[in-house]
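In: dropping a prediction and its sequence here:
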Amino acid sequence: MTDEFAARRRQLRDRLRQQRRNLAPALRVAAADALAANLLALPFAPQSGYVAGYWAMDGEIALHAWQLQLPGQCIYCLPVLDGEHLGFAPWRPGDPLVTNRYGIPEPDVSRGGLLRPQAMALVVVPLVAFDLHGARLGMGAGWYDRSFAFRKNEGPAPWLVGAAFQLQQQDAIATAAWDVPLDAVCTETATRTFNHRGDPDETDPHRSHR
Ligand SMILES: Nc1nc2c(c(=O)[nH]1)N(C=O)[C@@H](CNc1ccc(C(=O)N[C@@H](CCC(=O)O)C(=O)O)cc1)CN2
Ligand SMILES: Nc1ncnc2c1ncn2[C@@H]1O[C@H](COP(=O)(O)OP(=O)(O)OP(=O)(O)O)[C@@H](O)[C@H]1O
């Protein structure tokens, strides 16, 4: 990775994180509801099995509305840092939490009790920026890219769906070799699905635009 490439990514990350933190509280509540509706309407939304969300922080769009409206047979999970990779564990309101090294709450489970990324039917992926080709810029530590690197060779499960505010959209983000493309991105106003080459999926009738 060149210094210039890294510097551009860092600049974009800082700018969008600041914009995201500046969003008004009332707008956040409405956005979380609209995001939930878009996630539930995805053509490949699972009716059962493990689905992963995240505990929103740093101004990220919240997933509680989606969690509460999931089909009864779906089991909501949160990511847990486990060595170099993410594990996942079921979590319902009231279940015990501990904070990880970044101060993010995660289910209080033993390492042996974690579910592997491969066990998820769908993963809602946090992101700082996304583009029109399904590329994603995250917090910069590579957790999702490392944990879902297997998706480059094995598919399609789990579906990887970015969640974001519309203001996080970019025309194109310069990608690195290790970046794992998203199958879809949902925002408060739109759903975009991508085929496995990461291009906009022209054949998908559910595709919608702003
Ligand atoms: N809600 C949420 N959970 C998540 C992620 C995420 O992006 N959002 N992650 C997605 O990968 C993983 C955690 N990755 C993270 C990577 C960096 C920082 C972070 O805040 N870094 C600080 C400085 C470093 C520090 O505090 O030690 C920063 O950039 O300000 C946070 C989470 C797993 N859980
Ligand atoms: N498959 C992989 N194997 C080894 N290292 C990886 C892999 N994927 C990412 N990394 C490492 O993670 C670092 C951060 O990557 P990047 O800046 O793309 O993270 P990100 O996608 O923004 O963050 P995150 O996934 O945590 O939200 C890279 O510099 C790279 O060294």
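Out: Perfect, thanks for sending it. Numbers count the residues shown, from 1 in each chain. Ligands and ions are numbered 1, 2, ... in the order given.
In: up against ligand 1, what does this structure have?
Out: Counting by Cβ under 6 Å from any ligand atom, the chain comes close to ligand 1 at 54-57, 60, 79, 102, 104, 126, 138-139, 141, 143-144. C-beta here means a position set from N, CA and C on the backbone, and glycine is covered the same way.
In: what about these, which are in helices?
Out: Trp143, Tyr144 (DSSP state H).
In: what is the neighbour count of Lys152?
Out: The number of residues packed near Lys152 is 14, by other Cβ atoms under 10 Å.
In: got the contact list for it?
Out: Shown in contact with Lys152 (Cβ atoms under 8 Å, 6 or more residues apart in numbering): Val180.
In: picking that back up, which one of the residues of the chain next to ligand 1 is nearest to Asn22?
Out: The shortest separation between Asn22 and any of these is 13.2 Å, and it belongs to Glu60 (by Cβ to Cβ).
In: which residue is the nearest non-sequential neighbour of that closest one?
Out: Taking Cβ to Cβ, 6 or more residues apart in numbering as the measure, Glu60 lies nearest to Pro126, with 5.5 Å between them; neighbours along the chain are not counted.
In: quickly list what the one you found is bridged to.
Out: Taking DSSP bridges, one obtains Ala163 as the residues bridged to Pro126.
In: for it, give me the pLDDT.
Out: Turning to Pro126, the model gives it a pLDDT of 98.
In: quick check: the farthest pair among the residues of the chain next to ligand 1?
Out: Ala56 and Ala141 (17.1 Å).
In: more neighbours: those two, which one.
Out: Ala56 (16 against 10).
In: got phi/psi on the residue nearest to the more buried one when sequence neighbours are not counted?
Out: Using Cβ to Cβ, 6+ apart and skipping residues adjacent in sequence, the residue nearest Ala56 is Ala62, 4.4 Å away. Summarising the backbone geometry of Ala62 under the convention degrees, to the nearest 10, its torsions are phi -80, psi 150.
In: Ala62 is in contact with Arg28, isn't it?
Out: Yes - using Cβ atoms under 8 Å, Ala62 and Arg28 qualify as a contacting pair, with a distance of 6.7 Å.
In: of these two, who's got more company?
Out: Applying other Cβ under 10 Å to Ala62 and Arg28 shows that Ala62 carries more neighbours, namely 21 against 18.
In: residues contacting the residue nearest to Ala56?
Out: When contacts are taken as Cβ under 8 Å, 6+ apart, Ala62 is in contact with Arg28, Ala32, Leu35, Ala56.
In: if I look at it, how far off is ligand 2?
Out: Taking Cβ to the nearest ligand atom, to the nearest Å as the measure, Ala62 and ligand 2 are separated by 17 Å.
In: and the top helix by length along the chain, how far from the chain's centre?
Out: Ranked by residue count and defined by DSSP H, the top helix of the chain is helix 3-21. Shown here is helix 3-21, whose average C-alpha point lies 18 Å from the average C-alpha point of the whole chain (Cα atoms, centre = their mean, to the nearest Å).
In: distance check, the residue nearest the centre of the chain against Leu182.
Out: In the chain, the C-alpha nearest the mean C-alpha coordinate belongs to Val125, at 1.1 Å (Cα atoms, centre = their mean). Computed as Cβ to Cβ, to the nearest Å, the Val125 to Leu182 distance reads 7 Å.
In: right, I'll call it a day here.
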